[in-house]
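Q: Got a predicted structure here, sequence first:
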Amino acid sequence: MIRVGHKGADAIAPGNTLASFDAALDAGVEMIEFDVLAERRDGSGELFVAHDHRKLRAVQAPTLAAVLAHLSSPPFAGTLLQLDLKQSGYEQRVLDALTAAGALERSFISTTLWRSLQRLRRIAPELRIGWTVSAPPGVARVPLVARLYSALLARRAGERLRRGEVDALVAEWRLLTPALVDAVRSAGGEIYVWTVDDVGEIRRLAALGVTGVITNDPRLFAQSADRAA
């Protein structure tokens, strides 16, 4: 199971910062996830590493170029990167930035935006891409509805994976069922789960055979392994 740090290690240092990425590496992650946002809401302007425009205005967010330079330094050699695109319209610029940093081959791009995934598949067919999905409001509170939604998601994800439209499903932890994992695996895809901040849940997901778990606190991975032992 791939250990993924959400925004680096958001529980240890403020997420989407160089300090958070350093903390994630120190905690032993194999992949670092971070958000990519354009300066303006139409997708134009400088590219930053930030979750939303409110955060972008409130903090001194690093540029994508600065983050990729940092994550291309020797300590991060071999560390996988997951870029979560928060808008559409700047897919080619993200690819150009990854190429310039020599990080394209170890990068994985995910987003909820189907238009962006389609464009990425068209302009960079060799790039691994993932469809990010979350549980609709209220679904998780009704077990029967949650199971039905997960079953529908399993079918849709399996279809998209078999058609080669995406390589992975990046699913909110509340959606995870054995059937969903089996559907993704049977279609030849990978499945990453976010955002998991509970040791017991990490152990459950590992037992289900997910590809990777995304957490705000990568120290939990060691605790999970200790308890399993």
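A: Ah, there it is.
Q: hey, let's count contacts and neighbours off CA atoms from now on
A: OK.
Q: residue boundaries of the helices in this structure?
A: 18-26, 53-58, 64-71, 91-100, 114-123, 143-162, 178-186, 199-208, 219-228 (DSSP state H).
Q: shaky segments in the chain?
A: Along the chain, the parts satisfying pLDDT under 70 run over 226-229.
Q: Export the helices of the chain as CSV, with columns for mean neighbour count and distance to Thr79.
A: CSV is the format used below for the helices of the chain (neighbours: other Cα atoms under 10 Å; distance: least, Cα to Cα, whole Å):
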stretch, mean neighbour count, distance to Thr79
helix 18-26, 21, 8
helix 53-58, 12, 26
helix 64-71, 18, 8
helix 91-100, 16, 14
helix 114-123, 16, 22
helix 143-162, 17, 25
helix 178-186, 19, 24
helix 199-208, 16, 20
helix 219-228, 15, 16
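Q: between the ones you listed, which gets nearest to Gly78?
A: helix 64-71 (9.8 Å; Cα to Cα).
Q: List of residues touching the closest one?
A: Leu18, Val36, Leu47, Phe48, Val49, Ala77, Ala97, Leu98, Ala101, Ala103 (Cα atoms under 8 Å, 6 or more residues apart in numbering).
Q: cool, and stretch 9-19?
A: Contacting residues not belonging to stretch 9-19 are listed as 6-8, 20-21, 23-24, 34-35, 49-51, 61-62, 67, 70, 215-218 [Cα under 8 Å, 6+ apart].
Q: now it, how far from the centre of its chain.
A: The chain centroid and the centroid of stretch 9-19 are separated by 15 Å under Cα atoms, centre = their mean, to the nearest Å.
Q: about what we covered before: of the contacts of helix 64-71, which is the most crowded?
A: Of all these, Val49 has the most neighbours under the rule other Cα atoms under 10 Å, reaching 30 neighbours.
Q: The spatially closest residue to it that is not a sequence neighbour: what's it in contact with?
A: Closest residue to Val49 apart from its sequence neighbours, by Cα to Cα, 6 or more residues apart in numbering: Val36 at 4.7 Å. Neighbour list for Val36: Leu47, Phe48, Val49, Ala50, His51, Leu64, Leu83, Asp84, Leu85, Lys86 [criterion: Cα under 8 Å, 6+ apart].
Q: Quick check: bridge partners of Val36?
A: Under DSSP bridges, the beta-bridge partners of Val36 are Leu85.
Q: cool, Thr111 as well?
A: Trp131.
Q: ok, Asp167 - contacts?
A: By Cα under 8 Å, 6+ apart, the neighbours of Asp167 are Arg128, Ile129, Gly130, Leu161, Gly189, Glu190.
Q: and it, backbone torsions?
A: Here is the backbone geometry of Asp167 (degrees, to the nearest 10): phi -110, psi -20.
Q: picking that back up, how close does the residue nearest to Val49 sit to Arg204?
A: With the distance defined as Cα to Cα, to the nearest Å, Val36 ends up 30 Å from Arg204.
Q: before we move on, what about Ala19?
A: 30 Å.
Q: got it, and Arg174?
A: In terms of Cα to Cα, Arg174 sits 12 Å off from Arg204.
Q: could you dump the helices of the chain to TSV with distance to Ser134?
A: Converted to TSV, the helices of the chain look like this (distance: least, Cα to Cα, whole Å):
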stretch	distance to Ser134
helix 18-26	24
helix 53-58	20
helix 64-71	25
helix 91-100	22
helix 114-123	14
helix 143-162	10
helix 178-186	14
helix 199-208	17
helix 219-228	22
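Q: and Pro137, which of the ones you listed is closest to it?
A: helix 143-162 (10.7 Å).
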